[in-house]
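# here is a sequence together with a model predicted from it:
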Amino acid sequence: MNPPTHHQHDMTTKRPIRTAIARSLPASTPQAATPTLVQPLPVRMLHSAAATILQRGQERDTSQDGQAQERSMAATVAAFNSIEGTALTERQGWAFMQTLKLVRAANTARNGRYNPDDYLDGAAYAALGAEAAAGGAGKA
């Protein structure tokens, strides 16, 4: 097969092949590299917490409007209240989970270790608790 000449055409775009090849090649003048901004750990942690909420919602829960969301706490506190005869709210359920993560983080730190999951989940529980509190106050 003969190499294409500048008169032959690319069948998908109807352009001369030479033009198509030239457009696919990098520019001859080097461009300055854009420095990559590394986000501080708290920002990365909050982004990870948000992604975790969305991922777990897709895995486990679906709201009535079909949106995959984290919606397990209302059912959890209802079951707990039924078993224990208590009256925890959804917001208190999230606060309980935050407390669990704080205690785990403290125990881990006392042992000279660090488990990012304690902080990631704690941040996610704080956000979910805020949503429950706003909903309870008619602000959601």
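Nice, I can see it. Numbers count the residues shown, from 1 in each chain.

# all contacts plus neighbour counts: C-alpha atoms, from now on.
Will do.

# which residues of the protein fall in helices?
Under the criterion DSSP state H, helices of the chain are mapped to 17-24, 41-60, 73-84, 90-110, 116-136.

# got the ones you listed as a markdown table, with mean neighbour count, distance to Pro35 and mean pLDDT columns?
Below are those laid out as a markdown table (neighbours: other C-alpha atoms under 10 Å; distance: least, C-alpha to C-alpha, whole Å; pLDDT from 0 to 100):
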| stretch | mean neighbour count | distance to Pro35 | mean pLDDT |
| --- | --- | --- | --- |
| helix 17-24 | 12 | 24 | 45 |
| helix 41-60 | 15 | 18 | 90 |
| helix 73-84 | 14 | 42 | 94 |
| helix 90-110 | 17 | 34 | 96 |
| helix 116-136 | 18 | 27 | 94 |
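
# output the ones you listed as TSV; include the columns distance to Gln67.
Output for the helices of the chain, formatted as TSV (distance: least, C-alpha to C-alpha, whole Å):
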stretch	distance to Gln67
helix 17-24	41
helix 41-60	8
helix 73-84	16
helix 90-110	19
helix 116-136	16
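
# those: which one's closest to Thr34?
helix 41-60 (20.2 Å; C-alpha to C-alpha).

# having no further points to raise, I will conclude here.
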